[in-house]
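> Test case, fold it:
(one chain, ligands or ions: 2)
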Amino acid sequence: MTAPKKLYIKTYGCQMNVYDSERMAEALGGEGYVETSRPDDADMILLNTCHIREKAAEKVYSELGRFRGLKAANPDLKIGVAGCVAQAEGEEIMRRQPLVDLVVGPQSYHRLPEMEAKTRAGEKALDTDFPEEDKFEKLKSRPKAKRGPTAFLTVQEGCDKFCAFCVVPYTRGAEVSRPVDRILTEARDLVERGVREITLLGQNVNAYHGAGPDGDWSLARLIWALNDVDGLERIRFTTSHPNDMADDLIEAHADCPKLMPYLHLPVQSGSDRILKRMNRSHTAESYLKLIERLRAARPDLHMSGDFIVGFPEETEQDFQDTLALVEAVQYGSAFSFKYSTRPGTPAAERSQVDEAEKDDRLQRLQALLTRQQRALQDAMVGREVGVLFEKPGRLPGQMVGKSDYLHAVHVDSDAVVPGDLARVRIVSSGPNSLAGEVLG
Ligand code: 5AD
Ligand code: SF4
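Numbering: from 1, shown residues only. Ligands and ions are numbered 1, 2, ... in the order given. Okay, the predicted model is just below:
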């Protein structure tokens, strides 16, 4: 028997990349690869890249440059670039960095085994197509090994919204939903392997409209079907667009027992003028109305969001509108970014806000968001919540997990093990987590 080949994957960016990296490791597992955590030990290095932040491509090139020594020491080492930078840069990557053997876009991962074979034959392999076939169907199914209690499951990819700042419609392509039966099969398989919580992933997940046994299903119908999977305890989904928040999905937040009371619903800005320039096709008021309806359905819903400050032409008044919207919503968590240009997107051509001004606005917004986040977290003290335990904590005897609202919670208890879902009384609130006691 030959020794297994070793695969080192480094994952950047969003949860979808985390999921994709798992699937790529499984696909190459079928070719005799096992994963290693050390690049210097690897027969193949794969960078699964993200294009959402500024200078993403430059960072990938500098990371690749660092592998020069490894390749000199081991000429059989193959180096690959996957993910959104691979999609955006394509062949340019091999031109600029001859060390690279393989470039694969997110829609072509099922072709990795053939591509790997090509590199072993001494050739370069490039695939950034948007093929017709379902890549997930072609990828080897997940092996039955035990795994942790939480998992991601991609149900939808790509986006048709074309927000003026965003590269996703270009790197991930048009919106495509996976069929219902494949998702349910994968979910049952995950549960058999120990998973208790599934987060459904998609760049625009609430636009889901996958083929079901009786026509296209909405995301809400899919969630209801998952609600019936025995052994699955919790369902989450991310990330959503306000305009795709259908009535049945709002109702599911009221009625579906396994759907967790946490919703990531990016708004990006609180100024209607800027929202229009962003091509968001919703207003601050329509977003607030939507949240009112969601909270009428589920009063304890924790809201999360994404914000961009310093979008081209954003004035201080526009920014004040964003602060006012944040005040109105009261976010349980949030992600905020300074606008940065993405070549090829409409906003890249417009007049840019001064960098110092962007820094200042980001600081002010983050101060407000942090205060809100902390206030909502502190308000958990004294309450009872469900906690799904995931792993031992940093201190001896500690276990950590996530509350229904996605707070990190730790307990000092040997009564719980990873995978247990327990009722916990929250006793204190720290900077980034809650402490609790397991209830009998
Ligand atoms: N500049 C800053 N932030 C951006 N995002 C997407 N594109 C850009 C950009 N060009 C943010 C948005 C999105 C999140 C994933 O990243 O807030 O919701
Ligand atoms: Fe990008 Fe999200 Fe807008 Fe789609 S909806 S273009 S993924 S920001």
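> what sits against the residue nearest to residue 156 when sequence neighbours are not counted?
By the measure of C-beta to C-beta, 6 or more residues apart in numbering, the closest residue to residue 156 outside its immediate chain neighbours is residue 202, 3.1 Å from it. All C-beta atoms are positioned from the backbone trio N, CA, C, and that covers glycine. Contacts were defined as C-beta atoms under 8 Å, 6 or more residues apart in numbering; by that measure residue 202 touches 16, 154-157, 177, 208, 237, 239.
> residues from the stretch 51-200 of the chain in reach of ligand 2?
Residues of the stretch 51-200 of the chain found near ligand 2, taking C-beta under 6 Å from any ligand atom as the criterion, are 159, 161-163, 166, 168-169.
> My read is that residue 16 contacts residue 205, right?
No: using C-beta atoms under 8 Å, residue 16 makes no contact with residue 205, being 9.8 Å away.
> Tell me where this structure is predicted with low confidence.
Low-confidence regions of the chain, defined by pLDDT under 70, span residues 1-2, 140-144.
> then the longest helix seen in it to CSV, C-alphas only?
Longest helix in the chain by number of residues (criterion: DSSP state H): helix 355-378. Backbone C-alpha positions of helix 355-378 (Å, rounded to 0.1, in the frame of the first residue of the first chain) are rendered in CSV as follows:
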residue,chain,number,x,y,z
GLU,A,355,-10.4,57.4,3.9
ALA,A,356,-10.1,59.2,7.2
GLU,A,357,-13.8,60.0,7.1
LYS,A,358,-14.6,56.3,6.5
ASP,A,359,-12.4,55.4,9.5
ASP,A,360,-14.2,57.8,11.7
ARG,A,361,-17.7,56.6,10.6
LEU,A,362,-16.8,53.0,11.1
GLN,A,363,-15.6,53.7,14.6
ARG,A,364,-18.7,55.6,15.5
LEU,A,365,-21.0,52.9,14.0
GLN,A,366,-19.0,50.1,15.7
ALA,A,367,-19.2,51.8,19.1
LEU,A,368,-23.0,52.0,18.8
LEU,A,369,-23.3,48.4,17.6
THR,A,370,-21.0,47.1,20.3
ARG,A,371,-23.1,48.9,23.0
GLN,A,372,-26.3,47.3,21.6
GLN,A,373,-24.8,43.9,21.3
ARG,A,374,-23.5,44.1,24.9
ALA,A,375,-26.8,45.4,26.2
LEU,A,376,-28.8,42.5,24.6
GLN,A,377,-26.2,40.0,25.9
ASP,A,378,-26.3,41.4,29.4
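> gap between the next helix or strand after it and the chain center?
Remark: after helix 355-378, the chain's next helix or strand is strand 384-392, criterion DSSP states H and E. On the basis of C-alpha atoms, centre = their mean, to the nearest Å, strand 384-392 is displaced by 21 Å from the centre of the chain it belongs to.
> Each with direction, which strands does strand 384-392 pair with?
Using DSSP bridges, the neighbouring strands of strand 384-392 in the sheet come out as strand 398-403 (antiparallel), strand 421-429 (antiparallel).
> Tell me which of these approaches ligand 1 most closely.
Set against ligand 1 and scored by C-beta to the nearest ligand atom, those come closest in strand 398-403, at 20.8 Å.
> OK, contacts around the residue nearest to residue 291 when sequence neighbours are not counted?
Excluding the flanking residues, the one nearest residue 291 by C-beta to C-beta, 6+ apart is residue 329, at 6.0 Å. Taking C-beta under 8 Å, 6+ apart as the definition of contact, the neighbours of residue 329 are 288, 291, 303, 305.
> From residue 284, how far out is the second one?
If I follow you right, that is residue 291. Using C-beta to C-beta, to the nearest Å, residue 291 is found at 11 Å from residue 284.
> Residue 263 pairs with what?
Here residue 263 shows beta-bridge partners residue 303, assigned using DSSP bridges.
> Surely it and residue 302 touch.
Yes: proximity of residue 263 to residue 302 meets the contact threshold set by C-beta under 8 Å, at 7.4 Å.
> Between these two, tell me which one has more neighbours.
When residue 263 and residue 302 are compared for neighbours, residue 263 comes out ahead with 26 against 22, by other C-beta atoms under 10 Å.
> For the more buried one, give its distance to ligand 1.
With distances taken as C-beta to the nearest ligand atom, to the nearest Å, residue 263 is found 14 Å from ligand 1.
> cool, residue 163 as well?
From residue 163 over to ligand 1 the distance is 7 Å, taken as C-beta to the nearest ligand atom.
> what about that residue, neighbour count?
Using other C-beta under 10 Å, the number of residues around residue 163 comes to 21.
> Same check on the one 10 residues further on?
Per other C-beta under 10 Å, the neighbour tally for residue 173 reads 19.
> hang on, it in a helix?
No: assignment of residue 173 by DSSP: H, G, I helix; E, B strand; the rest coil gives coil, placing it outside any helix.
> residue contacts, it?
Contact partners of residue 173, counting by C-beta under 8 Å, 6+ apart, are 107, 130, 157-158.
> Now which of the residues you listed would you call buried?
Using 16 or more other C-beta atoms under 10 Å as the burial test, these include 107, 157-158 as buried.
> What is the burial count for residue 199?
Counted with other C-beta under 10 Å, residue 199 comes out at 19.
> Which helix or strand contains it?
When the helices and strands are read off by DSSP H and E, the one containing residue 199 is strand 197-201.
> swap in residue 136?
Going by DSSP H and E, residue 136 is part of helix 135-138.
> And the next helix or strand past that helix?
Next along from helix 135-138, by DSSP H and E: strand 150-154.
> So what touches that next one?
Residues from elsewhere that reach strand 150-154, judged by C-beta under 8 Å, 6+ apart: 15-16, 18-20, 136, 178, 183, 186-187, 190, 195-202, 388, 390, 402.
> go again using 7 Å as the cut-off
Where contact means C-beta atoms under 7 Å, 6 or more residues apart in numbering, the residues beyond strand 150-154 that reach it are 15-16, 18-19, 183, 186-187, 190, 195, 197-202, 390.
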